[in-house]
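Q: A predicted structure for the sequence below; I have some questions about it.
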Amino acid sequence: MAITIPGSITGGAQTGLTTPGYTTTVDNPPDINGKQSVITALTGTQTGVDVHSVARPFTVAAFKPKAFAAVGRVNPVTGELSSVGRNTYKLITRKGVLPLAGQSSVVAIVRTEIEIPAGSDVADPANLRAMLSAHIGLLSATSAGIGDTSVNGVL
């Protein structure tokens with residue numbers, strides 16, 4: 001089984017969001033080694049949260065390596081590997097948030113790191129929480145698929 005972005009994501013618990021859920025629609029990914037969907041509808045109580053738009057994107061995406069790395073050669077003298085390649089898989093959630101009331105949206109990103117535009121924690125906490133909720137929900141919904149993809153390389 002591979003990573004599949006479900007059409008409906010049950011969001012993770014977040015303060016201020018009641019039973020958050022997200023409806024997704026398949027979108028074109030930004031690169032050939034990925035899959036992407038946009039959030040087109042919300043369920044539960046998510047006051048102040050908006051769905052995907054050009055001005056305020058709300059996307060979830062999964063990526064696998066473009067080229068898989070392999071184990072390096074064994075040193076004939078020491079018998080140890082000279083190098084071990086790494087393959088990186090990514091799940092990324094993007095959400096447009098306000099850095100300051102009355103200003104244009106800035107995209108916040110969840111990867112392995114979370115990048116939050118300064119000021120949006122005060123000006124737009126609901127959309128930050130919705131982004132995290134959707135991302136955690138995606139991780140939960142695709143846990144076995146993430147493990148499978150990490151082992152077999154099939155997205």
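A: Alright, I've got the coordinates.

Q: next, count neighbours for the closest residue to residue 31 other than its chain neighbours.
A: Spatial nearest neighbour of residue 31, excluding adjacent residues (Cβ to Cβ, 6 or more residues apart in numbering): residue 63 at 6.8 Å. In this view, the C-beta of every residue, glycine as well, is placed from N, C-alpha and C. Residue 63 has 22 neighbours, counted by other Cβ atoms under 10 Å.

Q: show me what the nearest residue to residue 91 once chain neighbours are set aside is bridged to.
A: Nearest non-adjacent residue to residue 91, counting by Cβ to Cβ, 6+ apart: residue 62, 5.4 Å away. Residue 62 has the following beta-bridge partners by DSSP bridges: residue 35, residue 91.

Q: need the strands for the chain, in chain order.
A: 8-10, 18-27, 34-45, 58-63, 90-97, 106-110, 114-115 (DSSP state E).

Q: tell me which of the ones you listed sits nearest to residue 121.
A: strand 90-97 (9.0 Å; Cβ to Cβ).

Q: helices and strands around the closest one, which ones?
A: strand 58-63, strand 106-110, helix 125-141 (3 or more Cβ pairs under 8 Å, 6 or more residues apart in numbering; DSSP states H and E).

Q: repeat that for 10 Å
A: Packing partners of strand 90-97 (3 or more Cβ pairs under 10 Å, 6 or more residues apart in numbering; DSSP states H and E): strand 34-45, strand 58-63, strand 106-110, helix 120-123, helix 125-141.

Q: give me the most central residue, this structure.
A: residue 92 (2.5 Å; Cα atoms, centre = their mean).

Q: quick check: which ranges of this structure have low pLDDT?
A: The chain contains residues with pLDDT under 70 at 1, 85, 112-113, 115.
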